[in-house]
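Student: I'd like to go over a predicted model; first the sequence, then the structure.
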Amino acid sequence: MQPFSRGQMAAKLAGDIPEGWFVNLGIGIPTMVADHVPADREVILHSENGVLGMGPAPAADKVDPWLINAGKQPVTLRKGGSYFHHADSFSIIRGGHLDLCVLGAFEVAENGDIANWATSENDTAPAVGGAMDLAAGAKRLWVMMEHTTKDGRPKLVERCGYPLTAPGAVSRIYTNLGIFEVVKGQGFVVREMAPGVSFEELQAKSGAKLHRPA
Amino acid sequence: MQPFSRGQMAAKLAGDIPEGWFVNLGIGIPTMVADHVPADREVILHSENGVLGMGPAPAADKVDPWLINAGKQPVTLRKGGSYFHHADSFSIIRGGHLDLCVLGAFEVAENGDIANWATSENDTAPAVGGAMDLAAGAKRLWVMMEHTTKDGRPKLVERCGYPLTAPGAVSRIYTNLGIFEVVKGQGFVVREMAPGVSFEELQAKSGAKLHRPA
Amino acid sequence: MINKIVTTMAEAMAGIRDGSTVLIGGFGSVGQPDALIEALIEQGASGLTCVANNAGTGHAGLARLMELGRVRKIICSFPRSAGSTVFEELYRLGKIELEIVPQGTMAERMRAAGAGVPAFYTATSVGTPLARGKEEREFNGRRYVMEHALNADVALVEAWEGDRWGNLAYRASGQNFNAVMATAAELTIAQVSRIRELGEIQPEHVHTPGIFVNRVIHVDRGPDWA
Amino acid sequence: MINKIVTTMAEAMAGIRDGSTVLIGGFGSVGQPDALIEALIEQGASGLTCVANNAGTGHAGLARLMELGRVRKIICSFPRSAGSTVFEELYRLGKIELEIVPQGTMAERMRAAGAGVPAFYTATSVGTPLARGKEEREFNGRRYVMEHALNADVALVEAWEGDRWGNLAYRASGQNFNAVMATAAELTIAQVSRIRELGEIQPEHVHTPGIFVNRVIHVDRGPDWA
């Protein structure tokens, strides 16, 4: 069994983004997708804090202290990029203008529910940030995450146990073991498996029924 | 009896605007106020179509075809002026940021109701423009109008007969015969009378009880 | 390579269907996308709902579109103005439907559409005939009416300059309804007086980010900045 | 002559009362009005409700204000971040109230306050614990929650440049919450890295028109444009 590396996951996902899409990459692993968009393809990255057309991280001596991404890391701006304020930035998100948002998750359910912000209903001070806006607002939500938790529990589940970020929002999942479509009325459909992974193994590591593609 | 000329009405009103106020002047007579603001006083004029800091009309050979006011006349911009779009412009109006709006009116009632956009409940295609936004949104609404209609009917009334623009919005009225405060629970209080006008004459030309100042 | 710049009006108008809701930018003659309106007349779509501040003047542009019987309904704040004879005649004959909206409510309804807000409350029109039939509600002791987002199929806008990503910047009072309408439609088409290279419009000075714009076409509107 | 430029922090902070709701601009360190927050600590107002994206880090700025017991309640989207120990300790001890708001809802609630919208509907948070107790309603087959405007007494913002009329322009990602918060408070105080003469900021490039700004103070934040 040769699970996808994070770089491979990012490259798989990046390869599925058509030219011209406007995309928001969530904090954490999804950020890696930016480095794997094919060089000849223009994909325009959005950041919640008012940036459209984000470029890669700057060289250490070229850091502009006024330009960061939503993860608060220094970034650059591509030619054609633009800046705006938070209300306009979230209008882009909430108004359904982003073609795609990629988020990490604790759990994704077979009905497309996503839980990625709090680990308990009683968590008293959880940090939601822009996750709910992105999950509810983007035209498509893809999730990029490890297939199971560190202690082996499945993250593809029948129903989320953690508090939801948004109901029924996820349409595709990229994990280290495979790529899955979330199909309404059916659930998780396997689109691709990592090299050497069998359908049975994949099913054993998942908390909900997997379907073979039609 | 020497009624105020329109220029005198405009000068009276302009003289009552303190330095630093942000003011929207309605289409028609109120526009004249701009020319009577004392030269040493900075009053910042707003226009619905996205202009703050409007200056006087340009010389004929200096007209910028991209710069008009809400009345669609060419204007200029003062140093320190700014441009924005319609939603932001009406946020300024509706968010209560204008210190003053000056409108013309068909009728003003003693409870501050104003009617200035339609002459009949059955008018099928009346033109409201930004009047309702301004009347409901500005911190203060002053009206500038002739004291009576051309055929002598009073425009200061107990209750408006024409469809309202906004209820209870007017706080001061400048007419060719005098200046009036609209005082809650009391009604029209005379602040100034045009030269040679007696209180009795003024009352006779008004459709609601006038009060002498306390 | 992303390239939203089209070179013919046929490309600019492609796919506009009968029955569409079409937003028409501009205020007075400033920022009015005249060339696009002419192209829409040429294109042929009918049964349109048009949203514009005014109901057209003379016999060109929006007035012409109405005169040709292509407009089912008009949503505007100020239908009657000098020269709005085509509209008035059609309206008198019952051949066109009219929805009067206060100017600020009209702008805010389109801003809401662009921002994913299906409905909001405003004090504008409370206590007036335009509040009739609208839900009212009190917040902090003041009464407000509920207004709905005004989403559209198509927006025709004019900007001063634009680039191949669809970024737009406006000149002087030219932002007006254009910058709002650009956010509220599925298909936003912009006529621009100057085509710029990517990056020529400084990123802090882009008024309408390219994400809101689908097609850009060059229509020269006279000399540069004074 | 209008002159909103003040030269001392005492003037900048004058009149801020105990119990005020204070908006604090910036996102991360970009556009964070550090000097104004320090001045607020100095000024002494307490019982404050603070609105900021994060709940402070380390022991300076907002964290220091909380540590001194001057903050009754914090409204933010992301309270727990690296170094938010002061907040976490106070929260654990029940010494500070917390209202978690999705980042976009927070921005929109302040935008609504500035625009005279007392309440609006959004899909964000529907079906999640953050929708609990909120009114829900369906529009066009989708469910939304009602959110209220977030009005404030004071906004502390940072801009790149400002003039004596209060016009502000921001640099790069510095607009963030600043440009929204400036519209939502009774008293908006801006620290700017450059003071400009009237007209030096081109009218199309003003991000926050002076009508939203009450006081401007010069706090240099380093070199000019790259």
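Tutor: The structure has been received and is ready for your questions.

Student: quick one: which helix or strand includes C:Ala190?
Tutor: Using DSSP states H and E, C:Ala190 sits within strand C:185-195.

Student: right, and the helix or strand after that strand?
Tutor: strand C:215-218.

Student: beta partners for C:Lys73?
Tutor: In this entry, C:Lys73 is beta-bridged to C:Thr49, C:Glu97, by DSSP bridges.

Student: if I look at it, how far off is chain D?
Tutor: 19 Å (Cβ to the nearest Cβ, to the nearest Å). The C-beta positions use only the backbone N, C-alpha and C, and glycine is treated the same way.

Student: pLDDT value on that residue, please?
Tutor: At C:Lys73, the model reports a pLDDT of 98.

Student: doesn't C:Leu98 make contact with it?
Tutor: Yes - in this structure C:Lys73 lies within contact range of C:Leu98 using Cβ atoms under 8 Å: 7.2 Å.

Student: now do the strands in chain A.
Tutor: A:22-25, A:44-47, A:51-55, A:76-83, A:100-103, A:107-109, A:114-115, A:141-144, A:156-157, A:170-174, A:178-183, A:187-193, A:210-211 (DSSP state E).

Student: what would the ones you listed look like in TSV with distance to chain C and mean neighbour count?
Tutor: Listed next are the strands of chain A as TSV, based on distance: least, Cβ to the nearest Cβ, whole Å; neighbours: other Cβ atoms under 10 Å in any protein chain shown:
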stretch	distance to chain C	mean neighbour count
strand A:22-25	5	25
strand A:44-47	7	24
strand A:51-55	5	25
strand A:76-83	3	22
strand A:100-103	12	27
strand A:107-109	23	26
strand A:114-115	18	25
strand A:141-144	15	27
strand A:156-157	28	24
strand A:170-174	18	23
strand A:178-183	22	22
strand A:187-193	27	18
strand A:210-211	32	18
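
Student: identify whichever of those strands lies nearest to C:Ala169.
Tutor: Of all these, it is strand A:76-83 that lies closest to C:Ala169, at 9.7 Å by Cβ to Cβ.

Student: right, is the closest one up against chain B?
Tutor: No - using Cβ under 8 Å from any Cβ of the partner chain, no contact is recorded between strand A:76-83 and chain B, whose separation bottoms out at 15.0 Å.

Student: can you name the residues bridging to C:Gly162?
Tutor: What pairs with C:Gly162, by the bridge criterion (DSSP bridges), is C:Leu168, C:Ile195.

Student: can I assume it is in contact with C:Ile195?
Tutor: Yes - counting by Cβ under 8 Å, C:Gly162 does reach C:Ile195; the two are 6.5 Å apart.

Student: higher neighbour count, those two?
Tutor: Counted by other Cβ atoms under 10 Å in any protein chain shown, C:Gly162 and C:Ile195 do not tie: C:Gly162 has more neighbours, with 30 against 15.

Student: need the CA coordinates for stretch C:201-212. CSV is fine.
Tutor: Provided in CSV are the C-alpha atoms of stretch C:201-212 (Å, rounded to 0.1, in the frame of the first residue of the first chain):
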residue,chain,number,x,y,z
ILE,C,201,-4.6,48.9,-12.8
GLN,C,202,-3.0,49.1,-9.3
PRO,C,203,-4.5,46.4,-7.1
GLU,C,204,-5.7,48.9,-4.5
HIS,C,205,-7.5,50.8,-7.2
VAL,C,206,-9.5,48.0,-8.8
HIS,C,207,-13.2,48.9,-8.1
THR,C,208,-14.7,45.7,-9.5
PRO,C,209,-12.5,42.6,-9.1
GLY,C,210,-12.5,40.3,-12.1
ILE,C,211,-14.5,37.6,-10.2
PHE,C,212,-17.6,39.6,-10.9
